[in-house]
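In: Build me a model from this:
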Amino acid sequence: MGVVRKEHRCEVGRRGLTTDDGLSHGRFQQWLDSRYAPRSGRPAGVAVTATGTWHTGSPTDHRGSVTMRTRVAMGDVTHTYELDETNLGPVLDGAAEFIAWSVLRALHR
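Out: Model (predicted):
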């Protein structure tokens, strides 16, 4: 994944984050857990739901396209994002990056 600035890591860590990731099949949470997010038992302040629809393909073959969607909820405020991408390579890694972008964008709106 690309560079995530220190203040973004601190913001996500301070707020807490829960994910419902049907898009990157857990790669986003693995990346986040291994690098930046401390585990804690407190409720998360940010919840992200990620889904995808593959058109003429699937996550494992490289044909067609995928529509990626995220919903980032912070208290009473919810932000939604959508990206259509050609399925030409490792879409799951790109999906994890899209989820990270969505969370960071929502934090700074």
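
In: just the helices in the protein please.
Out: Secondary structure of the chain (DSSP state H): helices located at 6-15, 27-35, 91-107.

In: show me where pLDDT drops low in this structure?
Out: Counting by pLDDT under 70, the chain has low-confidence residues at 1-16, 33-44, 89-92.

In: distance of the spatially most central residue of it from D21?
Out: Residue closest to the average C-alpha location in the chain (Cα atoms, centre = their mean): I99, at 1.8 Å. As judged by Cβ to Cβ, to the nearest Å, I99 and D21 stand 7 Å apart. In short, each C-beta sits where N, CA and C put it, glycine included.

In: Same check on P59?
Out: Distance of P59 to D21, given as Cβ to Cβ: 12 Å.

In: same thing with M68?
Out: Distance, M68 to D21, using Cβ to Cβ: 11 Å.

In: so W31 touches A95, yeah?
Out: No - using Cβ atoms under 8 Å, W31 is not in contact with A95, being 11.1 Å away.

In: Who are the contact partners of the residue lying farthest from the centre of the chain?
Out: No residue in the chain sits farther from the centre than T56, which is 22.9 Å out by Cα atoms, centre = their mean. Taking Cβ atoms under 8 Å, 6 or more residues apart in numbering as the criterion, T56 is in contact with R63, G64, S65.

In: what do you get if the cut-off is 10 Å, keeping everything else the same?
Out: Residues near T56 by Cβ atoms under 10 Å, 6 or more residues apart in numbering: R63, G64, S65, V66, N87.

In: The last one contacts G57, correct?
Out: Yes - A contact is recorded between N87 and G57 when judged using Cβ atoms under 10 Å, the distance being 4.6 Å.

In: Out of these two, name the residue with the larger neighbour count.
Out: Counting neighbours by other Cβ atoms under 10 Å for N87 and for G57 shows that N87 has the greater number, 21 against 16.
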